[in-house]
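In: starting from these lines, generate the structure:
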Amino acid sequence: MSNVVSTNLAGVQGAGTGLRRAMMRSLEENPDVAIDFLEVAPDNWITLGGSLGRRFKAFTERYDFVTHGLSLSLGSPDPLDEAFVKQVKQFLDAHGIQCYSEHLSYCGESGHMYDLLPIPFTSDAVKYVAERIRRVQDIIERPLAIENVSYYAAPGKEMDEIAFFNAVVAEADCHILLDVNNVYVNSINHGYDPRAFIAQVPAERIAYIHVAGHTEVAPDLIVDTHGNDVIDPVWSLLEYTYETVGVLPTLLERDFNIPALSDQLAEVNKIRSIQRDALRGDATNDPLLNGNQESNNVIASSRSSSGASANG
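Out: Got it, this is the predicted structure:
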């Protein structure tokens, strides 16, 4: 397809990164940094109150936000935790956040854990997980974006990963969070062509994109740690992704070994540079891809005129 900015399903634009509590002071002291949007795990922020809650609210008023859940456990045999989902909806509504994403995985039984376990690639699992996704969407009153996950075994496999992923998305009628690093990690660990995977993802359903670093254990084994810089093959795969599905909002994940803000921003700027290159020069006229103060003013003006904030 042509290199155009696709439909804005996530309520954000440009290049962003995950917000960690350790980053808050640096961002407060540098309010004009070139970050177009931020991401949080609602699981970690729902119960915040007091001074930290007020500080977080100030961030959601300044930046656009997306959310990326950790413990919804869509593939779990346990009943869906609807009380938790209702809390997520309240959180999204309170902060004006449009997009809630989650992993296509499960987190064990009898409780919320942050270990992401693979769902069997079976037709029965497609129906089971899709039904749970539809129920979540009914509660939150907005589409759920499902992320393709990294996995290291495929128990009970009846179909390949992309066929399973696309079947779930179609059956649930949901959005997609496309994790380009996960595609790369799985392509090495399971021996497939990452570009062929991306070419089969329904572009019209993609809300936004993740890139991240990983840890190489052996030439044929990579662990998705989010603890290192993004490597060149993943940047190249991101370029291919833009060529294939269009330029979409893209977020840098960094969960461990978090560097200084300036180093993290260098990778965010790398995303922005690739976006501009993919747009073949048009990005200089697109303030939503330009992470400077002018773009912040344009976004703020857009919020005011729409009467509804997509930030969080």
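In: can you map out the helices along the protein?
Out: Applying DSSP state H to the chain gives helices spanning 24-29, 42-45, 50-62, 82-95, 123-140, 161-172, 180-190, 194-199, 232-245, 261-278, 293-306.
In: which of these sits most buried?
Out: helix 180-190 (a mean of 22; mean count of other C-beta atoms under 10 Å). C-beta here means a position set from N, CA and C on the backbone, and glycine is covered the same way.
In: what about that one, distance to the chain center?
Out: Distance of helix 180-190 from its chain centroid, counting by C-alpha atoms, centre = their mean, to the nearest Å, is 16 Å.
In: and the angle from that helix to helix 232-245?
Out: 110 degrees (axes from the mean of the first three to the mean of the last three C-alpha atoms, to 10 degrees).
In: before we move on, the earlier item: of all the helices of the chain, which lies closest to residue 212?
Out: Smallest distance to residue 212 across those (C-beta to C-beta): 4.3 Å, for helix 180-190.
In: what's the closest one packed up against?
Out: In terms of contacts (3 or more C-beta pairs under 8 Å, 6 or more residues apart in numbering; DSSP states H and E), helix 180-190 is packed against helix 194-199, strand 206-212, strand 221-223, helix 232-245.
In: show me what the third one pairs with in its sheet, parallel or antiparallel.
Out: Under the criterion DSSP bridges, strand 221-223 sits next to strand 215-218 (antiparallel) in its sheet.
In: quick one: mean pLDDT over the partner strand.
Out: What strand 215-218 shows for mean pLDDT is 74.
In: mind listing what's buried along it?
Out: With burial defined by 16 or more other C-beta atoms under 10 Å, not one residue of strand 215-218 is counted as buried.
In: ok, stretch 248-260 next?
Out: Buried residues in stretch 248-260, counted by 16+ other C-beta under 10 Å: 248-254.
In: gap between the two ends of that stretch?
Out: From its first residue to its last, stretch 248-260 covers 26 Å (C-alpha to C-alpha, to the nearest Å).
In: thinking again about what came up before, can the helices of the chain go into JSON lines with extra columns for distance to residue 17 and mean pLDDT?
Out: Below are these laid out as JSON lines (distance: least, C-beta to C-beta, whole Å; pLDDT from 0 to 100):
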{"stretch": "helix 24-29", "distance to residue 17": "10", "mean pLDDT": "94"}
{"stretch": "helix 42-45", "distance to residue 17": "16", "mean pLDDT": "94"}
{"stretch": "helix 50-62", "distance to residue 17": "13", "mean pLDDT": "95"}
{"stretch": "helix 82-95", "distance to residue 17": "17", "mean pLDDT": "97"}
{"stretch": "helix 123-140", "distance to residue 17": "24", "mean pLDDT": "98"}
{"stretch": "helix 161-172", "distance to residue 17": "25", "mean pLDDT": "98"}
{"stretch": "helix 180-190", "distance to residue 17": "14", "mean pLDDT": "94"}
{"stretch": "helix 194-199", "distance to residue 17": "22", "mean pLDDT": "98"}
{"stretch": "helix 232-245", "distance to residue 17": "15", "mean pLDDT": "97"}
{"stretch": "helix 261-278", "distance to residue 17": "5", "mean pLDDT": "94"}
{"stretch": "helix 293-306", "distance to residue 17": "16", "mean pLDDT": "35"}
